[in-house]
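Engineer: Turn this into a structure:
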Amino acid sequence: MTRSQPRPAERPGTAPGPPVPRAGTGARRGPSEQTRRRVFLAVGALVERLDHRSVTVDAVARASGVGRSTIYRHWPSRQVLVLEAYSWTTNRVTPLPDTGDVVEDLRVYLSELAFCTSFGGAAPTVAGLLVDALEDAEFAVAFRRVLVGERRRAFATILARGQQRGQVRPDLDRDAAVDALYGALHHRLLMSGQPVDGPFVAALVDVVTRGLVARPADDGSAAAARTRERPRSAD
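Structural biologist: Model prediction:
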């Protein structure tokens, strides 16, 4: 009977190797860029013909050539699928501008968003997704993360660059400024029904930037002048 050889990890002078991961225990990978593109283009084509609530995973699978199981693995619901497809599509046509001027950057970015919602035919989709978010708390988390969060970060980036250049007040409340800019666009889209067009964008940027642009430091002379002009109280 031959003597059994020690396992490799037990041989003198060698350290045990790393454990071999079991199948299925690793982090789930996202879809490949090719899969993502095929699926999102298919969703976009279907949304153009149907309202977003009529888009089904079966229809997306047929139009994209991607299996249903693959779609469900990466997008757990129809709402999330339409949401991410819309975000992917709009991000491609709304790159973050960097003209060197904060007012122009805000005007360009808002104009791009206005075009997507009004002239790009996305307004019903955005409105429908918002209604879905109001009715479904779990989807609302994804809606705020994917769509609202991305847009707010874009506006905040523009304002932060303006602060670094000295074009925006250093004490600006960025969240309030973003609410005024992004919120006004959606107020028109969802509430008033007024057009989200070039004149509106120009007026909005003009109104909001009056409160955020940096001004020359006040050396106290203006305040002193106002004090001198104030009427004295009667004795």
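
Engineer: shaky segments in the chain?
Structural biologist: Low-confidence segments of the chain, defined by pLDDT under 70: 1-28, 119-121, 215-235.

Engineer: care to break it down by domain?
Structural biologist: Per the record, the chain has its domains at 31-78, 94-212, by automatic domain parsing.

Engineer: mind putting those domains in JSON lines, mean neighbour count and distance to residue 84 included?
Structural biologist: Using the backbone N, CA and C atoms, a C-beta is placed for each residue, glycine as well. Output for those, formatted as JSON lines (neighbours: other CB atoms under 10 Å; distance: least, CB to CB, whole Å):
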{"stretch": "domain 31-78", "mean neighbour count": "16", "distance to residue 84": "7"}
{"stretch": "domain 94-212", "mean neighbour count": "16", "distance to residue 84": "6"}
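
Engineer: Let's have these in TSV, adding distance to residue 85.
Structural biologist: Putting the domains of the chain into TSV (distance: least, CB to CB, whole Å) gives the following:
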stretch	distance to residue 85
domain 31-78	4
domain 94-212	9
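
Engineer: Ok, which of those domains comes nearest residue 86?
Structural biologist: domain 94-212 (5.7 Å; CB to CB).

Engineer: surely residue 36 meets residue 87?
Structural biologist: No: Residue 36 lies out of contact with residue 87 (CB atoms under 8 Å); the separation is 11.5 Å.

Engineer: Show me what the helix or strand residue 206 falls within is packed against.
Structural biologist: Per DSSP states H and E: residue 206 is located in helix 198-212. On a contact count with 3 or more CB pairs under 8 Å, 6 or more residues apart in numbering; DSSP states H and E, helix 198-212 meets helix 102-114, helix 174-187.

Engineer: Contact partners for residue 201?
Structural biologist: 107, 110-111, 114 (CB atoms under 8 Å, 6 or more residues apart in numbering).

Engineer: same question, residue 36
Structural biologist: Per CB under 8 Å, 6+ apart, neighbours of residue 36: 30, 88.

Engineer: how close does residue 172 get to residue 164?
Structural biologist: Distance of residue 172 to residue 164, computed by CB to CB, to the nearest Å: 12 Å.

Engineer: Also residue 101?
Structural biologist: Taking CB to CB as the measure, residue 101 falls 13 Å from residue 164.

Engineer: same deal with residue 179?
Structural biologist: 22 Å.

Engineer: mind giving me CSV with the helices and strands packed on helix 198-212 and columns for distance to residue 122?
Structural biologist: Converted to CSV, those look like this (distance: least, CB to CB, whole Å):
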stretch, distance to residue 122
helix 102-114, 9
helix 174-187, 12
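
Engineer: Let me know which of the ones you listed is the nearest to residue 78.
Structural biologist: Closest approach to residue 78 among the helices and strands packed on helix 198-212 is made by helix 174-187 (22.4 Å; CB to CB).

Engineer: Check which helices and strands that closest one sits against.
Structural biologist: Packing partners of helix 174-187 (3+ CB pairs under 8 Å, 6+ apart): helix 102-114, helix 149-164, helix 198-212.

Engineer: picking up where we left off before, between the contacts of residue 201, which sits nearest residue 210?
Structural biologist: residue 107 (13.8 Å).
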